[in-house]
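**Student:** sequence first, then the predicted structure, then my questions.
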Amino acid sequence: MAIELAVEAYKTTGDFPRSELYGLTSQMRRAAGSVAANIAEGHGRETTAHFIQFLRFSQGSLKEFETHLIIANRVGFLEDHKFKELIDRSEDIGKMLRALIRSLQDKL
């Protein structure tokens, strides 16, 4: 789901103004991509504690992405229906991350 969020972020920001290529477009793409990348990197670590740490990094990137979504919507780059779709996906991923972190913490 995190990878699909990143793919959708790339597709969606492709319609943003060219003047935002190094601004909001780049920031949204990087934040969305970081969610999945941090999950993968953490999974490849030696310990559960390190995995949890990277899952928390993922949560931070997700919140950053959500903030950029709000900004993009408020400045008119992102239509309300697309904003709702992406923010809902993001919130679902956030719930899964929290549940996975809790589950892993219980094993420590």
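**Tutor:** Nice, I can see it.
**Student:** please spell out which residues along stretch 38-46 are buried.
**Tutor:** Taking 16 or more other C-beta atoms under 10 Å as the neighbour-count basis, stretch 38-46 is seen to contain the buried residues 38, 39, 42. Placement of C-beta: from N, CA and C, glycine included.
**Student:** er, stretch 61-77 I mean
**Tutor:** Those would be 61, 62, 64, 65, 66, 68, 69, 72, 73, 77, for stretch 61-77 by 16+ other C-beta under 10 Å.
**Student:** ok, of the buried residues of stretch 38-46, which one's closest to residue 7?
**Tutor:** residue 39 (14.9 Å; C-beta to C-beta).
**Student:** find the nearest non-adjacent residue to that closest one, please.
**Tutor:** Of all residues not flanking residue 39 in the chain, residue 58 sits nearest, at 5.2 Å (C-beta to C-beta, 6 or more residues apart in numbering).
**Student:** which SS class is the one you found?
**Tutor:** Residue 58 falls in the helix class when you classify it by DSSP: H, G, I helix; E, B strand; the rest coil.
**Student:** ok, now which ones touch it?
**Tutor:** When the contact criterion is C-beta atoms under 8 Å, 6 or more residues apart in numbering, the partners of residue 58 are 2, 34, 35, 36, 38, 39, 42, 97.
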